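Asks: I need the structure of the sequence given here:
(2 chains)
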Amino acid sequence: MSTATRSLPRTIGAHAILLTYTVIALFPVIIVIMNSFKSRAGIFGAPLTPPTPKTFDLIGYTTVIGQGDFIHYFQNSLVVTVASLFFVLLFGAMAAFALSEYRFRGNTMMGLYLALGIMIPIRLGTVAILQLMVASGLVNTLTALILVYTAQGLPLAVFILSEFMKQVSDDLKNAGRIDGLSEYTIFFRLVLPLVRPSMATVAVFTMIPIWNDLWFPLILAPSEETKTVTLGAQLFLGQFVTNWNAILAALSLAIMPVLILYVIFSRQLIRGITSGAVK
Amino acid sequence: MGSLNIENVKKAFGPVEVLKGINLEVTDGEFVVFVGPSGCGKSTLLRVIAGLEDSTSGRVVIDGEDVSATPPAKRGIAMVFQTYALYPHLTVKNNMGLGLKQAGTPAAEIERRIGIASSMLSLEPYLSRRPAELSGGQRQRVAIGRAVVREPKLFLFDEPLSNLDAALRVNTRLEIAQLHRRLKATMIYVTHDQVEAMTLADKIVVLNAGRIEQIGGPMELYNSPANEFVAGFIGSPKMNFVDGARLGETAKTIGVRPEHLTVDPKSGTWKGTVVHAEHLGADTNLYLDCEKAGLITVRIFGVYNAEPGATLYATPDPAKTYRFGADGKVLK
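Replies: This next block holds a predicted model:
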């Protein structure tokens, strides 16, 4: 069934490479989820086998839900991630629009300055950030985390979005201006829907490091009320005894929300309403 | 209502001067076409008139009112863009009505105007569709309709036909001409295509490198071009330019249009060899390599059989030969 564009060996080769990669990428995740449904003896006896009726045990999940305020940690993580994501996308898109749309003195320098954060890790400034948060009384608040994550996500967002905003047809924006739309309406109603796929890309890249971060919650907001899921999972990690059932269950649960958000955004990645706007 | 005055408008982007002092007067109801090669500043001039670009100096006066500091929406203009620029999230009807809605026009009035415009452009069946569900020609008609409903003092067209295929271009050109006749509105139209300019315009403004080369009616430009640039730009195929010195003339350059040359196999002014022949049915374009005049184009009406390599004599019509001075201007 070899045709002009497809040959059997090449198809098999491509699929073999992709499948190998998929297996490698999914292996740790599957091991975690599999073992989270097993008893302690099951986990240590045969870590690579799926749960059997003999080893099946929900002890991990009952521990997680019973002990520690896990629902609350989840809520914290979700609030921090969603709020940071919202601000990153909003401010990032606005800055990108200004950089790509308006001619002003120092435009290029401003763009470079805003992109500088991509090269310098925000963790280098941890001490200063902590001092700042202490001085402003924001330690042990979710606001502190949201502010830091917004700052962390903005450089990449501005960088990627301004490239995409440049591609939005000038004619469309000018048509809006002639029809009397304000610059805000042009931004929110005309430009943003057209860069939605790139917004989704930025959202995915911003969201995952925030959700998984342990560093800043540990330093800025370690209190019981403001713990995030990743920090909460440390509860079961003792110096001498580690409750593996609970940790694996907590990690499995932590994957869920981020997976849901990813699915939402990846739908946007595929969909594009650009067609028909221009040309 | 609908006159336009441009007084000494200059526009510079940093050190680059795009418009170098434009003066132009457009009277009510005129169809004016800006034409010129790409980069000549014609689109920039249109954008300055629309208010999408601020001029560096000079005034734009619409209907006796200086609008140099007025935002585009308040200038009483409507613009049709090359890329249609329809709002992708709105239906055809809302696309047309958005400008009026923003201006606070009552719904009944919007409805009435959309009705008139859509029947004029036969867009009624598509009113509830989105731009993505329309063909290129239909989209451009919607864009024109969006301009019509605003009942502007001034219509601005920025190369509206460039994205359409050849057949649609001719149809839409005809529609724009009819629209102008029906609305009797002032229209300003930018194009790089001299055929569009010649067929649509009451008045053509030929621009080159930020300056106006000549303003005049289509036939005026064709019959008495002011300089070498206009002579070469208007007319297709392009006018032949021959170095005056090679012909023993006092003028720097001699210009003659391909259609004002006759050929004869036996005798004539310029002896040459046929390089290539283009047979178009209605006429034939011959490319001759002449001993004295160099490579020239001859346009013969009807069919003319000439093989490459054959020797032919070309004779220019002395009454329709142009003589240009060293500065490019026509010598009277």
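Asks: give me the phi and psi for the residue of the stretch 201-332 of chain B found nearest chain A.
Replies: Across the stretch 201-332 of chain B, no residue is closer to chain A than residue B:210, which sits at 19.0 Å (Cβ to the nearest Cβ). C-betas here are computed from N, CA, C, even on glycine. Here is the backbone geometry of residue B:210 (degrees, to the nearest 10): phi 80, psi 10.
Asks: what packs against the helix or strand hosting residue A:12?
Replies: Per DSSP states H and E, residue A:12 falls inside helix A:8-36. Other helices and strands packing on helix A:8-36, by 3 or more Cβ pairs under 8 Å, 6 or more residues apart in numbering or on different chains; DSSP states H and E, are helix A:244-270.
Asks: using the three-state scheme, assign the residue of the stretch 51-200 of chain B found nearest chain A.
Replies: Relative to chain A, the nearest point of the stretch 51-200 of chain B is residue B:132 (2.8 Å; Cβ to the nearest Cβ). Following DSSP: H, G, I helix; E, B strand; the rest coil, residue B:132 is assigned to helix.
Asks: residue A:5: neighbour count?
Replies: Residues lying near residue A:5 (other Cβ atoms under 10 Å in any protein chain shown) number 6.
Asks: can you pull the pLDDT of it?
Replies: In the predicted model, residue A:5 carries a pLDDT score of 74.
Asks: quick one: contacts for it?
Replies: Under the criterion of Cβ atoms under 8 Å, 6 or more residues apart in numbering or on different chains, residue A:5 has no neighbours.
Asks: ok, now which ones touch the spatially most central residue of chain A?
Replies: By Cα atoms, centre = their mean, chain A has its centre lying nearest to residue A:207, at 1.5 Å. Residue A:207 is in contact with A:81, A:85, A:258, A:261-262, A:265, counting by Cβ under 8 Å, 6+ apart.
Asks: from chain B, how far off is the spatially closest residue to residue A:254 that is not a sequence neighbour?
Replies: Leaving aside its sequence neighbours, residue A:254 sits nearest to residue A:229 (Cβ to Cβ, 6 or more residues apart in numbering or on different chains; 4.7 Å). To chain B, residue A:229 is 37 Å away according to Cβ to the nearest Cβ, to the nearest Å.
Asks: backbone dihedrals for residue A:229, please?
Replies: According to degrees, to the nearest 10, residue A:229 has phi -60, psi -50.
Asks: what do you get for residue A:37?
Replies: phi -100, psi 10.
Asks: one more: residue B:80?
Replies: Here the main-chain torsion angles of residue B:80 (degrees, to the nearest 10) amount to phi -110, psi 130.
Asks: pretty sure it sits against residue B:154.
Replies: No - if you go by Cβ atoms under 8 Å, residue B:80 and residue B:154 don't touch, sitting 11.9 Å apart.
Asks: what parts of chain B come near chain A?
Replies: When proximity is defined as Cβ under 8 Å from any Cβ of the partner chain, chain B approaches chain A at B:47, B:50, B:52, B:71-74, B:77-79, B:81-89, B:98-99, B:102-103, B:130-134, B:136, B:139, B:146, B:158, B:163.
Asks: who are the packing partners of the lowest-mean-pLDDT helix or strand in chain B?
Replies: Lowest on mean pLDDT, DSSP states H and E among the helices and strands of chain B sits helix B:244-247, with a mean of 87. Contacts defined by 3+ Cβ pairs under 8 Å, 6+ apart place helix B:244-247 against strand B:253-256.
Asks: after the strand it packs on, which helix or strand is next?
Replies: Using DSSP H and E, the next helix or strand after strand B:253-256 towards the C-terminus is strand B:261-264.
Asks: list the buried residues for that next one?
Replies: Judged by neighbour count (16 or more other Cβ atoms under 10 Å in any protein chain shown), strand B:261-264 contains these buried residues: B:261, B:263.
Asks: quick one: the helices in chain B?
Replies: B:42-50, B:92-102, B:107-120, B:136-149, B:166-183, B:194-200, B:218-223, B:228-233, B:244-247 (DSSP state H).
Asks: my bad, chain A
Replies: Here chain A has its helices, by DSSP H, at A:8-36, A:40-45, A:59-66, A:70-101, A:107-119, A:126-135, A:142-166, A:170-178, A:183-185, A:192-194, A:196-212, A:215-220, A:229-233, A:244-270.
Asks: against chain B, how distant is residue A:9?
Replies: If you go by Cβ to the nearest Cβ, the gap between residue A:9 and chain B works out to 40 Å.
Asks: and if you look at residue A:76?
Replies: With Cβ to the nearest Cβ as the criterion, residue A:76 and chain B are 36 Å apart.
Asks: ok, that residue - contacts?
Replies: A:142, A:225-229.
Asks: could you dump the helices of chain B into TSV and include mean neighbour count and distance to residue A:219?
Replies: Shown next, in TSV, are these (neighbours: other Cβ atoms under 10 Å in any protein chain shown; distance: least, Cβ to Cβ, whole Å):
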stretch	mean neighbour count	distance to residue A:219
helix B:42-50	23	53
helix B:92-102	21	50
helix B:107-120	16	58
helix B:136-149	24	56
helix B:166-183	15	64
helix B:194-200	19	67
helix B:218-223	16	76
helix B:228-233	22	70
helix B:244-247	14	85
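Asks: hey, least reliable of these by pLDDT?
Replies: Taking the mean pLDDT of these, helix B:244-247 comes last: a mean of 87.
Asks: any weak-confidence spans in chain B?
Replies: Applying pLDDT under 70 to chain B picks out residues B:1.
Asks: please parse it into its domains.
Replies: For chain B, automatic domain parsing gives the domain ranges B:4-230, B:238-324.
Asks: quick one: end-to-end length of the last one, please.
Replies: Just to be clear, that refers to domain B:238-324. Across its full length, domain B:238-324 reaches 16 Å between end residues, using Cα to Cα, to the nearest Å.
Asks: same deal with the longest one?
Replies: Taking Cα to Cα, domain B:4-230 runs 24 Å from one end to the other.
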